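>>> sequence and computational prediction follow.
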Amino acid sequence: MVDKLITDGFNYSIGASLARSRDPFGTALATLRGRLRDGVYPPGEPLTIAELATELRFSTTPIREALAWLAGEGLIDDRRGKGYCCWRIEVGDLIALYNLHELYVDAALRKAEVSRGSASPTRAPGETSPNATIDPSPAINLIRTTASVFEDLVAASGDRLLVSAHASLSIRLGNVRRAEFSVFTDGVDELLGLSRAGELATSELIAAYHERRRENALAIQHVLSDQRIYSYV
């Protein structure tokens, strides 16, 4: 068993190394995109090419290209002549992000309902979905699970453009979701409820989820401004 674990670890390391050498830009882009989605970098955090290259074990070229790509997608801020950084989020920005996210998810629910027509849902009401067990430690699990729950809802619509737009927005919400769990002490229970609802989630449930966040946008923004909450766990 130990020998197998060692072999698997070695093979994974070799695979990761090959991916880096074959497509360093693509690998760097995916790595940084994933970190943004996980809320690793706080708002306003400088994204220094040299430091990221050293930390992630890339040359500076793929890191520079990846940051330029992310800036082109509007996921990070390109301060001309001063480098890149994560977007700062003010209360108005936060409310706008929640409004857009609710719009995407609600549209997906309606499309999925039309697609199902009279067909029975794949799960009965109250039946626990596969994602219903949530480990709140480390904190990054909560962020990833939140993203996954909404991604599943949107994917059920079958609308590729909507899925793509939502995926981009989910990256913008990475550090916001981390802050939410500092504001809402029942955040894990709320997330579990959404996960259990799955494709049976209603527009009313989604509206209540977002309205609660809009009402507490100031508190969430205050947590976002406190960079002490951020870590790589």
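Looks like it arrived, so ask away. Numbers count the residues shown, from 1 in each chain.
>>> residue contacts, the residue nearest in space to the middle of the chain?
Residue closest to the mean C-alpha point of the chain, counted by CA atoms, centre = their mean, is Arg37 at 3.5 Å. Going by CB atoms under 8 Å, 6 or more residues apart in numbering, Arg37 touches 143-144, 147, 170-171, 174. Quick note: C-beta positions are derived from backbone N, CA and C, even for glycine.
>>> could you work out the most separated pair of those?
Largest separation among the contacts of Arg37 by CB to CB: Arg144 and Ile171, giving 12.3 Å.
>>> neighbour count: those two, which is higher?
The neighbour comparison of Arg144 against Ile171 (other CB atoms under 10 Å) goes to Ile171, with 21 against 16.
>>> and the gap between the more buried one and Arg196?
Applying CB to CB, to the nearest Å, the value for Ile171 to Arg196 is 26 Å.
>>> of the contacts of Arg37, closest to Leu29?
Ile171 (11.7 Å).
>>> just how off-centre is the strand or helix carrying the closest one within its chain?
Per DSSP states H and E, Ile171 falls inside helix 160-172. Centroid separation for helix 160-172 versus its chain: 10 Å, with CA atoms, centre = their mean, to the nearest Å.
>>> from here on, count from 134
I'll keep to 134 as the first residue from here, and by that count the last item is helix 293-305.
>>> in that helix, what's buried?
295-296, 298-300, 302-305 (16 or more other CB atoms under 10 Å).
>>> now whichever helix or strand comes after that helix: mean pLDDT?
Downstream of helix 293-305, the first helix or strand assigned by DSSP H and E is helix 307-316. In this model, helix 307-316 has a mean pLDDT of 92.
>>> tell me where this structure is predicted with low confidence.
134-154, 250-271, 332, 360-366 (pLDDT under 70).
>>> on that earlier part again, okay, angle between the helix holding Ile304 and helix 307-316 too, please.
Here helix 293-305 points in a direction 60 degrees away from that of helix 307-316 (axes from the mean of the first three to the mean of the last three CA atoms, to 10 degrees).
>>> other SSEs contacting the lengthiest helix in the chain?
Longest helix in the chain by number of residues (criterion: DSSP state H): helix 224-249. Here helix 224-249 touches helix 273-288, helix 293-305, helix 336-348, helix 350-358, going by 3 or more CB pairs under 8 Å, 6 or more residues apart in numbering; DSSP states H and E.
>>> many thanks, I have nothing further to ask.
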